[in-house]
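Visitor: Quick check, what structure comes out for this input:
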Amino acid sequence: MAADLEGSAVDAAWLTTRLRGAGVLREASVTSVEATPVGVGMLGDSIRFVVKYDGDERAPGSFVGKFASANPTSRQTGAGFGLYEREVGFYRHVADTVAIRSPKCVSIEHDPADGTFALLMEDLTPARSGNQLTGCGLADAERAMEQAAALHGPRWNDATLREHAFLDTSGARDFVVNVFPDCLAEFHRRYDGVLEPEYMAVCDRYGALLANAPVPQPANFTLTHGDFRLDNMLFDARDGEVPLAVLDWQSPSIGLGAVDVAYFLGMALSIEDRRAHERHLLDYYLEQLRGYGVSDYGYDDLYRDYRLTLLSGVSTAVFASASTKRTERGDAMFLAMARGGCAQAIDCDALALMG
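Guide: Numbering: from 1, shown residues only. Take a look at the predicted model:
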């Protein structure tokens, strides 16, 4: 592996080199670094670096670095599925073309030989971290819909997205079809007797239909986040200066914008709140989308796409639980994802669209 792209390699000299290369520093040097792990990423490790300098060039006093996971299983998953490469691609090629607020990149490096990477970003603290397990209320959900539209709107039906190979996930479906039975078996082993039977039945039915389900041919497409959930969000960042910033760009792709909307609503809100506010939040997303010039996409279009894509939460819960290191928080998160996604699928009769 590329040792200098590990979080443990970061010291004063490492930061001085990157900050000078990015133009953050001219002649000053970093003299001390205090490192503190942050976040709860399953496939990447994030570290906050508080720094001091030997000269006053008005450089920031802290940064956040993101690196490949130190856990071998999680790292193998991240590198094997090209997730680190995709985060690098997002920041290098498309971050500046969308309006969504994400942490600004200071420097980014990637070693394709072993998949390691080092992303140095602005520090957006103080902020209120989203929490998948506690969920959110309506106001935070509206902020999320604003940012979803800010991602989707600027690249709506933009054919130039297809020029970026890292966004091509055309082979992903075949892979999921092949491995899903084993993942579902592991999901049963872990959560039989824990996940409610009616929700496990949704997972089983999804698995039975997946291989022969018709592949949607969407009339619209855009840039999607792919993991648009609370754990990847910072609210009231920079002490309220930034209403919401969205993190973790390991899964961007080209697809239906509704996938991010459905994924968020199925997991961020309680089942009761999602039922109560679902129509309002879909309408609110559409209103925000129109602000980016998307005028020929109505509620019926969105709701169709919403039903088509909301099973992504169920699929992710089953697949990810078998592909990452097992932890107590991970179990709680995957169960919450499954419950929210399965209830959403039942309410919207999403399985009927699979045949």
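
Visitor: Can you tell me, leaving aside adjacent residues, what's nearest to the residue nearest to the spatial centre of the chain?
Guide: Centroid-nearest residue in the chain: Asp227, 2.8 Å away (criterion: Cα atoms, centre = their mean). Excluding the flanking residues, the one nearest Asp227 by Cβ to Cβ, 6 or more residues apart in numbering is Ser251, at 4.8 Å. Where you see a C-beta, it was placed from the backbone N, CA and C, and this is true even at glycine.

Visitor: ditto for Gly137
Guide: Asp273 (7.4 Å).

Visitor: any idea whether the one you found is helix, strand or coil?
Guide: With DSSP: H, G, I helix; E, B strand; the rest coil as the basis, Asp273 sits in helix.

Visitor: Tell me, how many residues neighbour it?
Guide: Counted with other Cβ atoms under 10 Å, the neighbours of Asp273 add up to 17.

Visitor: And Ala148, by the same measure?
Guide: Using other Cβ under 10 Å, Ala148 has 26 other residues around it.

Visitor: Next one, pLDDT for it please.
Guide: Looking at Ala148, its pLDDT stands at 99.

Visitor: ok, now the one 10 residues further on?
Guide: Residue-level confidence at Asp158 comes out at 98, pLDDT.

Visitor: if I look at Met145, how far off is Ala258?
Guide: 12 Å (Cβ to Cβ, to the nearest Å).

Visitor: Wait, Gly330 touches Ser323, no?
Guide: No - taking contacts as Cβ atoms under 8 Å, Gly330 lies outside contact range of Ser323: 10.6 Å.

Visitor: And those two? Which one has more around it.
Guide: Between Gly330 and Ser323, counted using other Cβ under 10 Å, the more crowded position is Ser323 (20 against 16).

Visitor: where does this structure have low pLDDT?
Guide: Residue ranges of the chain with pLDDT under 70: 1-3, 40-41.

Visitor: how does it look with 80?
Guide: 1-3, 39-42, 73-74, 77, 323-325, 355 (pLDDT under 80).

Visitor: Okay, helices next: where are they in it?
Guide: 12-21, 72-80, 83-89, 138-152, 172-191, 197-210, 258-268, 271-290, 299-309, 312-321, 328-348 (DSSP state H).

Visitor: will you turn the ones you listed into JSON lines that also has distance to Gly240?
Guide: Below are the helices of the chain laid out as JSON lines (distance: least, Cβ to Cβ, whole Å):
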{"stretch": "helix 12-21", "distance to Gly240": "27"}
{"stretch": "helix 72-80", "distance to Gly240": "33"}
{"stretch": "helix 83-89", "distance to Gly240": "27"}
{"stretch": "helix 138-152", "distance to Gly240": "12"}
{"stretch": "helix 172-191", "distance to Gly240": "38"}
{"stretch": "helix 197-210", "distance to Gly240": "38"}
{"stretch": "helix 258-268", "distance to Gly240": "21"}
{"stretch": "helix 271-290", "distance to Gly240": "20"}
{"stretch": "helix 299-309", "distance to Gly240": "31"}
{"stretch": "helix 312-321", "distance to Gly240": "30"}
{"stretch": "helix 328-348", "distance to Gly240": "27"}
